[in-house]
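A.B. asks: I'd like to go over a predicted model; first the sequence, then the structure.
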Amino acid sequence: MSEEAVKKEFEWKRGNLLLMPYVPRVGNVPEETLVILYKRLKDEGLWDIVFHEDSKLTLTGLMNFFGSGQALLQVLCITNDKGYIEPIGMAWVAEIVLCGDILTKGIGSFLFFKDFQKPMYTDQFSEMILDYWFDYLNIDVIFGVTPEPNRAALIYVKRAGFKEVGRIPNYTTFDKQVVTGVITSMTKQEHNGG
């Protein structure tokens with residue numbers, strides 16, 4: 001398979017929305033896109049939400065983290081008619097449970113930059129991300145944990161089709177607040193309408 005064919009395999013596009021799974025050593029996500037992603041995470045104060053105590057992580061460290069297999073990163077982008085790609089957020093699935101060589105369960109996370117926290121982006125991307133997780137990665141169940149005070153995020157995950165399955169009392173958030181964590185889940189069968 002040619003390098004161009006490999007890159008195409010790892011690109012999901014719908015209209016002007018583009019989901020680019022980060023695949024180390026394939027080079028499918030342009031370096032300038034990763035630089036913009038890194039800078040926006042820092043500038044918008046989102047870094048600690050993703051990496052908690054590891055606030056000194058560099059761009060190279062970020063790519064090494066996602067390149068290690070600890071979590072699978074998908075970069076969310078929009079494109080214009082001139083081919084410019086602008087990252088608008090990211091999604092990742094981590095703490096994956098394997099049954100032999102098969103992914104069965106994972107903890108999914110979404111993050112959108114402030115300018116793009118609108119249903120016209122979030123709803124379409126959540127559908128793309130879920131298609132990717134369930135149909136391409138073949139994960140059976142995705143779980144998420146959302147701090148109860150984050151009402152906007154809870155509305156988003158429930159609108160995406162996740163159902164509340166439990167609560168974690170005394171859940172500690174990235175900024176050290178102790179709150180109730182709302183556990184949500186979705187199965188592949190639920191996502192695919194079954």
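C.D. replies: Great, that's in hand. Numbering: from 1, shown residues only.

A.B. asks: Need the three-state assignment for the residue most central in space within the chain.
C.D. replies: What sits nearest the mean C-alpha location of the chain, by CA atoms, centre = their mean, is Ala91, with 0.9 Å. Recorded secondary structure, Ala91: strand (DSSP: H, G, I helix; E, B strand; the rest coil).

A.B. asks: Beta-bridge partners for it, please?
C.D. replies: Residues in a beta bridge with Ala91, per DSSP bridges, are Gln74, Phe110.

A.B. asks: How much space separates it from Asn192?
C.D. replies: Per CB to CB, to the nearest Å, Ala91 is found 19 Å from Asn192. (Each C-beta comes from the backbone N, C-alpha and C, glycine too.)

A.B. asks: what's the answer for Gly181, then?
C.D. replies: 27 Å.

A.B. asks: What of Leu154?
C.D. replies: Relative to Asn192, and taking CB to CB, Leu154 is found at 23 Å.

A.B. asks: who's more crowded, these two?
C.D. replies: Ranked by neighbour count (other CB atoms under 10 Å), Leu154 and Asn192 place Leu154 first, with 18 against 11.

A.B. asks: Just give the nearest non-adjacent residue to the more buried one, would you?
C.D. replies: Thr146 (5.3 Å; CB to CB, 6 or more residues apart in numbering).

A.B. asks: So that neighbour, which state does it fall into?
C.D. replies: Assignment for Thr146 (three-state DSSP): strand.
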